[in-house]
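K.L.:
no letters, just coordinates:
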């Protein structure tokens, strides 16, 4: 095996941060690079050989070796602890297995003329890879791309696919953020899905998590101090973005998805839980660097209501705006517990949401993974609400996000599911879920589904065959209206009759939210009038 040690010139390069992980070089060599300031010595274990890495500055170690792509490896710290690569591109045996060298240059790309996404025309379809199809794989998603194109959406948004503990999970417990989950098909099948989507005329947005690391993070923190005690998150220790190594861990991950997998956008999870006092903010730096690779890539943030930092300070293209969902939900259901307590059942308040600007940079929804799965039972909205929800959402000038199955009235719930192999973590997850809903009068703790049970996952799979064809036709009609740029130009509320009027250039819609529908109202409480 040929080894190439670093030169004095490379030692002097600022930071030596480029290309963390195992990178296949044009020279035919593989460069291993890892941030491990907590170790005095680092070696890579390859086919029984232990090869030492040379120290650079700032706790970075590196080595170039002639080794084949597809080879498995681990890093060994101080001659004792053998662990996967924190920047692993492939974990075929899960979080506890060895890392595998991946050469993304071998991905086959057929959609070479794909132009990318337009924010002005964006319609997002959020899905969970494991629950979207019967086989729960990237290929299972690819098999339904033609259906999604004909529905009228312009992009699919994949819930996180990074390697997490076990086989089933929402994805927000990812540990190896750069390694597509093997159960879904791994790196090659993810690349094939993106290419197939582009061939079908659809973009791909990937949900990524930079606010915490899931259970098993001790295998990463053995290398370096990734966490800070200056802050916490709802999901565990907060990442320390004052450390350059942590910034590079996140930003290089974002760059990888854009460069190697050709994704069209990134949806950044819970950015309010990303604490950084640096200048620029880590999420502003991330946006700048991914756009250097692809100027058309979209960066979309989830953040708490009322916080506009993503679009006002960090240069992101759009952000989730959950106020619309909460007002619509309260208006239809009357629920007032939890965070719904801040909202009142007001048609006028909902009408004001349509005036929010800049409209394309605000993402509205009627359903998403949080608003369903974070209910105790993961229950879907009542059938009599679905058409009103569709019209209220799809006629809005803001960017709409659909959640898988809503377009045909999916009745299977979307419940919170995990597959933690550590009994202590599994037990804590069960107990935390029960405790979370103890304050809600509608949910008795004993009824909360066990997140660890396989049945909790299987009952969350879609059942398209049981869908409502009339509702699906309505979604297709309303999405066709969006394509012809028929979005609401004006919204007018009549509080007494609980009616919302939405007018476009060629259509007026009357949405009646009255619980006691008056005789003679059209089905679903919607009247659509085509204007001359």
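P.N.:
Cool, the structure landed. On a predicted model such as this, the values are computed, not experimentally measured, just so you know.

K.L.:
any stretches of the stretch 101-250 of the chain with poor pLDDT?
P.N.:
In the predicted model, the stretch 101-250 of the chain carries no residue with pLDDT under 70.

K.L.:
need the helices for it, in chain order.
P.N.:
Assigned by DSSP state H, counting those that start in this stretch, the stretch 101-250 of the chain shows helices spanning 129-132, 138-142, 145-151, 186-199, 218-221, 244-261.

K.L.:
check which helices and strands the longest one is in contact with.
P.N.:
It refers to helix 244-261. For helix 244-261, the packing partners by 3 or more C-beta pairs under 8 Å, 6 or more residues apart in numbering; DSSP states H and E come out as strand 30-35, strand 176-180, helix 186-199, strand 203-208, strand 265-268, helix 282-293. (Glycine included, C-beta is placed from N, CA and C.)

K.L.:
on that earlier part again, residue 459: which of the helices of the stretch 101-250 of the chain is closest?
P.N.:
Nearest to residue 459 among those is helix 129-132; the distance by C-beta to C-beta comes to 9.6 Å.

K.L.:
picking that back up, out of the helices and strands packed on helix 244-261, nearest to residue 351?
P.N.:
Of all those, strand 265-268 sits nearest to residue 351, with 27.5 Å by C-beta to C-beta.

K.L.:
tell me how far the closest one lies from the chain's centre.
P.N.:
7 Å (C-alpha atoms, centre = their mean, to the nearest Å).

K.L.:
and the average pLDDT for it is what?
P.N.:
Strand 265-268 carries an average pLDDT of 98.

K.L.:
given that strand, what are its sheet partners and their directions?
P.N.:
Here strand 265-268 is paired, per DSSP bridges, with strand 203-208 (parallel), strand 298-301 (parallel).

K.L.:
excluding its own residues, what touches the longest one? List them.
P.N.:
In other words, strand 203-208. Residues external to strand 203-208 that are found in contact with it (C-beta atoms under 8 Å, 6 or more residues apart in numbering): 116-117, 124, 126, 154-162, 171, 177, 193-194, 197-198, 253-254, 257, 261-269, 298, 300.

K.L.:
quick one on the thing from earlier: of the helices of the stretch 101-250 of the chain, which is nearest residue 383?
P.N.:
So among the helices of the stretch 101-250 of the chain, helix 145-151 is nearest, using C-beta to C-beta, at 19.2 Å.

K.L.:
what's the following helix or strand after the helix or strand of the chain with the lowest mean pLDDT?
P.N.:
Across the helices and strands of the chain, the lowest-confidence element by mean pLDDT, DSSP states H and E is helix 8-12, at a mean of 40. Next helix or strand after helix 8-12 toward the C-terminus (DSSP states H and E): strand 21-24.

K.L.:
what's the burial count for residue 202?
P.N.:
By other C-beta atoms under 10 Å, 21 other residues sit near residue 202.

K.L.:
distance check, it against residue 407.
P.N.:
Using C-beta to C-beta, to the nearest Å, we find residue 202 at a distance of 15 Å from residue 407.

K.L.:
next one: the closest residue to residue 156 other than its chain neighbours from residue 274, what distance?
P.N.:
With C-beta to C-beta, 6 or more residues apart in numbering as the criterion, residue 156 has its nearest non-adjacent residue at 5.1 Å, and that residue is residue 125. Computed as C-beta to C-beta, the residue 125 to residue 274 distance reads 26 Å.

K.L.:
domain boundaries for the protein, per the record?
P.N.:
Per automatic domain parsing, the domain ranges recorded for the chain read 3-83, 121-483, 490-530.

K.L.:
residue 435 is nearest to which of the strands paired with strand 265-268?
P.N.:
Among the strands paired with strand 265-268, strand 203-208 comes nearest to residue 435, with 26.0 Å by C-beta to C-beta.

K.L.:
the closest one vs helix 282-293, what angle?
P.N.:
Strand 203-208 runs at 150 degrees relative to helix 282-293, counting by axes from the mean of the first three to the mean of the last three C-alpha atoms, to 10 degrees.

K.L.:
strand 203-208 vs helix 244-261, what angle?
P.N.:
Per the same axes, to 10 degrees, the angle that strand 203-208 makes with helix 244-261 is 160 degrees.

K.L.:
how distant is strand 203-208 from the center of its chain?
P.N.:
6 Å.

K.L.:
residue 19: neighbour count?
P.N.:
Neighbour count of residue 19, defined by other C-beta under 10 Å: 15.

K.L.:
so who does it touch?
P.N.:
So residue 19 contacts 31, 33, 252 (C-beta under 8 Å, 6+ apart).

K.L.:
for residue 187, which non-adjacent residue is spatially closest?
P.N.:
Spatial nearest neighbour of residue 187, chain neighbours left out: residue 180 (5.0 Å); criterion: C-beta to C-beta, 6+ apart.

K.L.:
hang on, isn't that neighbour packed against residue 193?
P.N.:
No: assessed by C-beta atoms under 8 Å, residue 180 is found out of contact with residue 193, at 9.7 Å.

K.L.:
need the residues touching each of the two.
P.N.:
Common neighbours of residue 180 and residue 193 (criterion: C-beta under 8 Å, 6+ apart): residue 138.

K.L.:
how close does residue 21 get to residue 433?
P.N.:
Distance from residue 21 to residue 433, by C-beta to C-beta: 34 Å.

K.L.:
show me which of the two is the more surrounded one.
P.N.:
For residue 21 versus residue 433, neighbours defined as other C-beta under 10 Å are more numerous around residue 21 (22 against 19).

K.L.:
near the nearest residue to the more buried one once chain neighbours are set aside, how many other residues are there?
P.N.:
Nearest residue to residue 21, sequence neighbours excluded (C-beta to C-beta, 6+ apart): residue 87, at 3.3 Å. When neighbours are defined as other C-beta under 10 Å, residue 87 has 26 of them.

K.L.:
before we move on, what SS does residue 87 have?
P.N.:
Following DSSP: H, G, I helix; E, B strand; the rest coil, residue 87 is assigned to coil.

K.L.:
contacting residues for it?
P.N.:
Contacts for residue 87 (C-beta under 8 Å, 6+ apart) come out as 20, 21, 22, 34, 178, 249, 252, 253.

K.L.:
do residue 70 as well
P.N.:
Counting by C-beta under 8 Å, 6+ apart, residue 70 makes contact with 100, 101, 103.

K.L.:
got a pLDDT number for it?
P.N.:
For residue 70, pLDDT reads 97.

K.L.:
any idea which helix or strand carries it?
P.N.:
Here residue 70 is assigned to no helix or strand, by DSSP H and E.

K.L.:
coming back round to it: highest average neighbour count across the strands paired with strand 265-268?
P.N.:
Burial of those is given as mean neighbour count (mean count of other C-beta atoms under 10 Å); strand 298-301 ranks first at a mean of 26.

K.L.:
could you list the residues in contact with that strand?
P.N.:
117, 119, 122, 205, 264-268, 271, 283, 286-287, 290-291, 310, 314-320, 363.

K.L.:
also stretch 411-425?
P.N.:
The contact list for stretch 411-425 (C-beta under 8 Å, 6+ apart) reads 128, 131, 165-170, 173, 215, 369, 372-374, 377-380, 383, 403, 405, 426, 429, 433, 449, 451-453, 456-457, 459-463, 466.

K.L.:
narrow those to those in helices?
P.N.:
Of the positions in the contacts of stretch 411-425, 131, 369, 372, 373, 426, 429, 433, 456, 457 sit in helices, assigned by DSSP state H.

K.L.:
closest one of those to residue 75?
P.N.:
residue 426 (28.0 Å).

K.L.:
distance check, the closest one against residue 433.
P.N.:
For residue 426, the distance to residue 433 - C-beta to C-beta - is 11 Å.

K.L.:
how many residues are close by the closest residue to residue 173 other than its chain neighbours?
P.N.:
In space, and not counting its chain neighbours, residue 173 is closest to residue 214: 3.2 Å by C-beta to C-beta, 6+ apart. Neighbourhood size, residue 214 [other C-beta under 10 Å]: 25.

K.L.:
now residue 214: how far from residue 202?
P.N.:
Taken as C-beta to C-beta, the span from residue 214 to residue 202 is 29 Å.
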